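**Student:** structure of the sequence below:
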Amino acid sequence: MRLHLFAAIAAVSLVQCSFDGFGLTGNNVSEPPGDTTEGEGTTEEDPTTGDPTVGAVCGNFDLEDGEECDNGASNNGGGALCKDDCTLNVCGDGYLAPAVEGCDDGNLDDDDECTSMCVSKNCGDGVTDGMEQCDDMNTVDNDQCSNLCRLPVCGDGIVNGDDECDDPEGNSDMGACLSTCEMAVCGDGFVHQGAEQCDDGNSVNEDACTNTCAAPGCGDSVVQMGEECDAGPDNSEMGMCLPSCKMGTCGDGFVIAGVEGCDDGNTAGGDLCSATCVVEECGNMIVDPNEECDDGNDVDTDDCRNDCFSATCGDGIVAADAMSPEQCDDSDTDDTDECPTNCKNAVCGDGFVRAGMEECDDDGVSDTCSNTCMRSAYWAFTTSVKLTGSEVGGLAQADALCTMLADGKSIEGNYKAWLGDEGTSASERLFHSTVKYIRTDKAKVADSWNDLTDGSIDLAILKDEAGATITSNNPMACNTPNAEDAAVWTGANTMGNMANSCESWANGTNGAMGQAGLVNHADMLWTICQFSCEKQARLYCLEQPAM
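**Tutor:** Alright, predicted model coming up:
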């Protein structure tokens with residue numbers, strides 16, 4: 001038994017008492033547990049003495065100044081160690097504390113039924129008598145009769161009867177053992193101090209107190225009002241649910257692992273992170289801003305280069321694997337080298353004259369270029385335009401007029417006038433062809449330069465740049481009336497040497513004379529007549545090799 005618990009308990013004043021089956025009664029002794037009057041347990045200050053317990057509230061579970069104990073509503077409930085005036089029970093005080101006392105008759109007399117150790121004198125003899133409620137004559141304290149010969153009661157500090165628990169220090173609705181001797185659990189409606197933040201006694205998980213008896217908050221694994229999600233400890237700046245309990249979305253500045261490749265806090269593209277949070281980089285198979293294509297491979301010779309721009313002829317990369325494959329790409333605009341601007345290897349027939357290799361290139365479709373890209377003939381025509389000697393304006397201007405008149409025609413190319421001046425002869429400045437010269441009607445004028453300059457030509461050059469026939473009054477000689485109607489300025493004799501040139505084709509007055517020919521003649525008169533520079537005459541134009 002627990003006799004040793006009271007050896008050091010101070011004696012209290014003796015009072016007359018008796019046992020009524022629920023506790024002790026008598027003068028200055030408490031009524032049975034639970035029978036209290038309103039306001040009992042509250043202390044007030046004595047204005048004459050300055051009682052230090054002023055403001056203390058007995059029964060609020062808070063040990064305040066002037067209190068020895070405070071077990072709340074359980075003070076003296078079932079005979080606890082803390083009385084309802086928040087002072088400690090001691091043997092002989094007339095208050096029965098079944099947790100540690102078998103009796104308390106308000107004295108410490110060992111000669112009566114209740115000894116000075118607050119134990120019934122005959123407890124343990126197997127006979128229930130005197131102040132005993134039971135006596136099973138054994139030392140088992142948690143059966144139906146305690147070692148103090150008391151019946152089980154919640155609050156006696158012994159787990160017996162229907163008790164789940166019973167704290168000798170006092171049961172409490174704020175502690176681990178409730179005043180009903182039931183273990184405190186989440187959902188019982190009582191807040192277990194230090195273990196629970198709240199307890200609303202219901203199973204609603206979304207209200208002000210969760211089913212784990214914690215105050216609701218982001219990170220409690222419960223989606224509360226105002227939260228979009230809550231994964232508890234799995235909330236993460238890299239997860240679908242952020243630490244703020246907001247759903248991770250593209251543009252929030254947090255990269256969702258395995259879902260987003262980037263997140264720069266906006267949904268604008270063109271800033272290395274797309275509007276769908278994909279890294280904007282060449283090779284991601286998405287055509288991002290500033291990209292023309294993106295095939296996601298590292299092949300630089302297909303239709304999409306490795307810099308995500310479309311393969312184009314002239315970019316310096318041979319797109320051999322493109323839908324329209326390239327054979328070469330030298331990134332220049334020179335059509336006369338080994339790789340023209342169509343990015344095909346230069347060959348005869350491609351339409352480009354390869355410098356040093358070809359004289360022409362039209363795949364043999366014309367009358368002046370062979371199928372081996374060598375010249376088979378050069379064009380010769382008479383201008384449809386007439387000019388005075390001064391209007392010719394010099395050799396370069398005459399050449400430009402010839403080329404301009406041929407431009408856009410079937411005979412277009414590089415031309416110079418059969419013309420010399422006082423410093424340069426026609427023979428010096430014109431190409432000496434080894435192949436024939438032909439009119440725009442394809443009739444042969446001469447077999448070669450040598451044939452052109454041997455004193456006569458095969459046919460008069462009676463066709464203009466458009467193939468129209470030059471009409472005149474067909475003068476028989478240079479001095480025939482109206483011979484100037486057929487005049488053609490030449491400044492050269494039949495061999496192409498220098499002759500009068502209207503002061504290098506700058507003067508058309510003061511009686512200056514210029515060498516000319518008659519357009520209707522194939523004999524030497526085609527180039528050796530003389531006319532006043534004030535007269536108007538045409539020009540002969542001979543095609544030259546491509547520049």
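
**Student:** is the residue of the chain positioned farthest from its centre in a helix, a strand, or coil?
**Tutor:** The outermost residue of the chain, judged against the average C-alpha position, is residue 111 (94.0 Å), by C-alpha atoms, centre = their mean. Classification of residue 111 using DSSP: H, G, I helix; E, B strand; the rest coil returns coil.

**Student:** equivalent analysis for residue 140, please.
**Tutor:** coil.

**Student:** pLDDT value on it, please?
**Tutor:** Residue 140 is assigned 86 on the pLDDT scale.

**Student:** what's the answer for residue 197, then?
**Tutor:** If you check residue 197, the pLDDT there is 82.

**Student:** residue 334 belongs to a helix?
**Tutor:** No: under three-state DSSP, residue 334 sits outside any helix and is assigned coil.

**Student:** pretty sure residue 134 contacts residue 128?
**Tutor:** Yes: if you go by C-beta atoms under 8 Å, residue 134 and residue 128 touch, sitting 5.6 Å apart. Every C-beta, even on glycine, is put in place using the N, C-alpha and C of the backbone.

**Student:** contacting residues for the residue farthest from the centre of the chain?
**Tutor:** Counting by C-beta atoms under 8 Å, 6 or more residues apart in numbering, residue 111 makes contact with nothing.

**Student:** what is the burial count for the nearest residue to residue 87 once chain neighbours are set aside?
**Tutor:** The spatial neighbour of residue 87 that comes closest, neighbours along the chain excluded (C-beta to C-beta, 6 or more residues apart in numbering), is residue 68 at 4.9 Å. Residues near residue 68, counting by other C-beta atoms under 10 Å, number 13.

**Student:** right, and residue 68 touches residue 89 too?
**Tutor:** No: using C-beta under 8 Å, residue 68 makes no contact with residue 89, being 9.8 Å away.

**Student:** distance check, the residue nearest to the spatial centre of the chain against residue 240.
**Tutor:** Central residue of the chain (C-alpha atoms, centre = their mean): residue 273, 2.6 Å from the mean position. When C-beta to C-beta, to the nearest Å is the yardstick, residue 273 and residue 240 sit 19 Å from each other.

**Student:** swap in residue 270?
**Tutor:** Computed as C-beta to C-beta, the residue 270 to residue 240 distance reads 27 Å.

**Student:** of the two, who's got more company?
**Tutor:** Each of residue 270 and residue 240 has its neighbours counted (other C-beta under 10 Å); residue 240 has more, 16 against 11.

**Student:** can you tell me the closest non-neighbouring residue to the more buried one?
**Tutor:** Using C-beta to C-beta, 6+ apart and skipping residues adjacent in sequence, the residue nearest residue 240 is residue 248, 5.2 Å away.

**Student:** ok, now which ones touch that neighbour?
**Tutor:** Residue 248 is in contact with 239-242, 254, 256, 259-260, counting by C-beta under 8 Å, 6+ apart.

**Student:** determine which two of the residues you listed are furthest apart.
**Tutor:** Maximum pairwise distance among those (C-beta to C-beta): 14.3 Å, between 241 and 260.

**Student:** the stretch 251-400 of the chain: strands as residue ranges?
**Tutor:** Using DSSP state E, counting those that start in this stretch, the strands of the stretch 251-400 of the chain run over residues 377-382.

**Student:** er, the chain actually
**Tutor:** In the chain, the strands defined using DSSP state E lie at 17-19, 24-26, 377-382, 414-417, 436-438, 444-446, 487-489, 513-518, 529-532, 538-544.

**Student:** now the ones you listed in CSV, with distance to residue 180 and mean neighbour count?
**Tutor:** Supplementary listing: the strands of the chain in CSV, determined by distance: least, C-beta to C-beta, whole Å; neighbours: other C-beta atoms under 10 Å:
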stretch, distance to residue 180, mean neighbour count
strand 17-19, 26, 18
strand 24-26, 24, 18
strand 377-382, 124, 26
strand 414-417, 118, 22
strand 436-438, 128, 23
strand 444-446, 133, 21
strand 487-489, 135, 27
strand 513-518, 139, 26
strand 529-532, 142, 19
strand 538-544, 122, 24
